[in-house]
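> Need the 3D shape of this:
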Amino acid sequence: MQWNRRIAAVAAAAFTVTALFTSCGSAGKDHTTEDPVNTSTVIEEYAAGNYEWAHLDISARGEGKRTSSKVPYAYLVPEGYYDTTEYDKTVEGVRRTAYGVKLTHLKDADMMANINSAVTDAQLALRNDVSWVDEAKSEELLSTVEDAAKVEPTNYSAADVTVFGHVLSINILYLHIYNVSDAEGDHLADETVDEGRLLMNFDLRTGKVISLPSLFFDDVDYISLLAGYMNKVGQEVGYRFAKPINGFPEDYDVYCLSGTGLVVGLTTDNPFIRGGEETWFSISLSDLIDSMDVDPEESRIYFDEEVTLRKLAFRVKDVAFTETEVKDLFSEETVALPLVSGISSAGKINEDLQSWYQTILNPENYSEETLAAGGSISAETQAPAGLVNVTVFVFSAADNEYITLARCYDAKTGAQLKVGDLLTREARLLYGSDVSSTASFRVSNDFVIGVPEQDGVPEYFLTKEGDMDLSRFE
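Numbering: from 1, shown residues only. Sure, this is the predicted structure:
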């Protein structure tokens, strides 16, 4: 049986937070008729069907306070702002394993206490929920799994936290599972009953829950925007669509931030995925930031000085990388090397890449000894802050070393760049003409320019953001 739950958690000092709790699996009991988990009065469980999929909003404006703003090229990632907790005990025959989070170093101590209280209550509810445990199921597994000596029902949960501007997301994954072991304690089998996630989203400006439409400018049709990206992501990962996503139920808030993506879920019984299966879509924040009423550098104002902040580049909007099959330099087989798609300059960049690959794969550029000894070819791609990077690694078994070759392009024009094109005048003078004139280099999303060793130029890593002329990204 598939089912959904919605949790309303009420923490201390009349602080209220609403989170979505979804799950999918083959539970042996009807959870819609059971009493809620009774850890305290802070948890209230609702029956399935909170979202009315028969009636969809196909268009809606965002609820952000601004209409538009300057599109940023980078964002701040806070580090060291939370502690992790671990719990692993067997209580009343059920193993409870939980990896939780607890915020630290928020300037607003009362807000931090209230958020931590709400999150702790939710984590306790997951840990203490034994409503799914069925003695008959344990007996069945003991009789059907060969050499089975013990069946241990297990509650497992793990929390992850992401901050983006003023938005804080807590994403708790959970699993209800029967673990089967033999007399020596060695694992034999397991059977999952439920799995899902609990999503909690807070506004660090107010400490209150933040809704999905509040993330977007008030002139943005956020439903159409997200639906378009969800259809694209779903096709890329191979979801079985019954029809394209075109809307959400009223007051839909099945989302969280996770890493560099906005994760949006479709709960059970949705009309878009065949069988109404629960599915999840991660949309890059880089693709959404020009529509979001979020200042990605605002994170700095919410934490005390003990929290460090890293500046990272947004990825080029909508850029994607496809593959072209080329003949392997060291064998008769083929190898896949990347091409660019999704941006207007892709054609120009790909024309240069194809020519470059032909040069790299030309046997005449290598000694007979190198070719005879064999090797391998691989590639990496990056697209930080208006740039497109492609790096090819040629491993030579004869020399037991990698040859690193890289090209960097302006994503707007498709022009190939040199290191000096990205440096301030002072930095060009500091590193010299040999480094500044090289066209074989990489730029990471933390603004590190890597210059691999090449003729006349030793390996360099230019790690100071101040060395770069960032005006090209603004």
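> Packing partners of the lengthiest strand in the chain?
Counting by DSSP state E, the longest strand found in the chain is strand 187-203. For strand 187-203, the contact count by 3 or more Cβ pairs under 8 Å, 6 or more residues apart in numbering; DSSP states H and E identifies strand 16-25, helix 109-128, helix 135-144, strand 167-181, strand 255-258 as packing neighbours. Glycine gets a C-beta too; all of them are placed from N, C-alpha and C.
> same thing but at 6 Å, please
Judged by 3 or more Cβ pairs under 6 Å, 6 or more residues apart in numbering; DSSP states H and E, strand 187-203 is in contact with strand 16-25, strand 167-181.
> Let me know the next secondary structure element after it.
Note on strand 187-203: by DSSP states H and E, the next helix or strand toward the C-terminus is helix 222-237.
> now that following helix, how far from the chain's geometric center?
Taking Cα atoms, centre = their mean, to the nearest Å, the mean C-alpha location of helix 222-237 is offset from the chain mean by 15 Å.
> Just the buried residues of that helix, please?
222, 223, 225, 226, 227, 229, 230, 231, 233, 234 (16 or more other Cβ atoms under 10 Å).
> which of those residues lies closest to residue 169?
Lowest distance from residue 169 to these (Cβ to Cβ) belongs to residue 226, with 15.8 Å.
> What residues does the residue nearest to the closest one when sequence neighbours are not counted make contact with?
In space, and not counting its chain neighbours, residue 226 is closest to residue 264: 5.9 Å by Cβ to Cβ, 6 or more residues apart in numbering. By Cβ atoms under 6 Å, 6 or more residues apart in numbering, residue 264 lies in contact with 226, 255, 281.
> same question, residue 106
Counting by Cβ under 6 Å, 6+ apart, residue 106 has contacts residue 112.
> That one and residue 119, how far apart?
Separation of residue 106 from residue 119 (Cβ to Cβ, to the nearest Å): 13 Å.
> where does residue 183 sit relative to residue 135, distance-wise?
Distance of residue 183 to residue 135, computed by Cβ to Cβ: 20 Å.
> returning to what we had before: and the next element down the chain from the helix or strand hosting the residue nearest to residue 226?
Using DSSP H and E, residue 264 maps to strand 261-266. Using DSSP H and E, the helix or strand that directly follows strand 261-266 along the chain is strand 279-284.
> for the following helix or strand past that following strand, packing partners?
Next helix or strand after strand 279-284 toward the C-terminus (DSSP H and E): helix 285-288. In terms of contacts (3+ Cβ pairs under 6 Å, 6+ apart), helix 285-288 is not packed against any helix or strand.
> So what's the gap between helix 285-288 and the chain middle?
12 Å.
> ditto for stretch 278-287
The answer for stretch 278-287 is 8 Å, by Cα atoms, centre = their mean.
> who touches it?
Residues outside stretch 278-287 that contact it (Cβ under 6 Å, 6+ apart): 22, 24, 229-230, 233, 239, 260-268, 273, 314-315, 317-318.
> Please apply the same query to stretch 437-446.
Stretch 437-446 has contacts (Cβ under 6 Å, 6+ apart) with 312-313, 384, 387, 389, 391, 405-406, 408, 418-419, 449-451, 454, 457.
> Buried among the residues you listed? Make that a PyMOL selection.
Here is the PyMOL command that selects the buried residues among the contacts of stretch 437-446 (16+ other Cβ under 10 Å):
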select buried, resi 312+313+384+387+389+391+405+406+408+419+449+450+451+454+457
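> from the contacts of stretch 437-446, which has minimum pLDDT?
Here the lowest pLDDT out of these sits on residue 457, with 78.
> Secondary structure element holding the closest residue to that one other than its chain neighbours?
Of all residues not flanking residue 457 in the chain, residue 434 sits nearest, at 5.0 Å (Cβ to Cβ, 6+ apart). Residue 434 is part of helix 425-436, with elements assigned from DSSP H and E.
> Only alpha carbons, please: show that helix as CSV.
Extracted C-alpha coordinates of helix 425-436, given in CSV (Å, rounded to 0.1, in the frame of the first residue of the first chain):
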residue,chain,number,x,y,z
ARG,A,425,46.1,43.5,-14.9
GLU,A,426,48.0,43.1,-11.7
ALA,A,427,47.6,39.3,-11.8
ARG,A,428,48.8,39.2,-15.4
LEU,A,429,51.9,41.0,-14.4
LEU,A,430,52.4,38.8,-11.4
TYR,A,431,52.1,35.4,-13.2
GLY,A,432,53.9,36.5,-16.4
SER,A,433,53.2,36.2,-20.1
ASP,A,434,53.8,32.4,-20.3
VAL,A,435,50.9,31.7,-17.9
SER,A,436,48.6,34.5,-19.1
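> Tell me the helices and strands packed up against it.
Helix 425-436 packs on no helix or strand, going by 3+ Cβ pairs under 6 Å, 6+ apart.
> Buried ones in that helix, by neighbour count?
Buried, per 16+ other Cβ under 10 Å, within helix 425-436: 427, 428, 431, 435, 436.
> And the residue lying farthest from the centre of the chain, what's its pLDDT?
Distance from the C-alpha centroid of the chain, by Cα atoms, centre = their mean, peaks at residue 368 (44.9 Å). On the pLDDT scale, residue 368 is placed at 91.
> Which strand or helix spans the residue nearest to residue 391 when sequence neighbours are not counted?
Spatially, and ignoring its direct neighbours in sequence, residue 391 is nearest to residue 406 (4.3 Å; Cβ to Cβ, 6+ apart). In this assignment (DSSP H and E), residue 406 forms part of strand 401-410.
> Does that strand pack against any helices or strands, and if so which?
strand 387-396.
> worst average pLDDT in the helices and strands packed on strand 187-203?
strand 16-25 - the lowest mean pLDDT of the helices and strands packed on strand 187-203, at a mean of 44.
> Residue 392 and residue 405 touch, don't they?
Yes: here residue 392 reaches residue 405: they are 4.7 Å apart, a contact under Cβ atoms under 6 Å.
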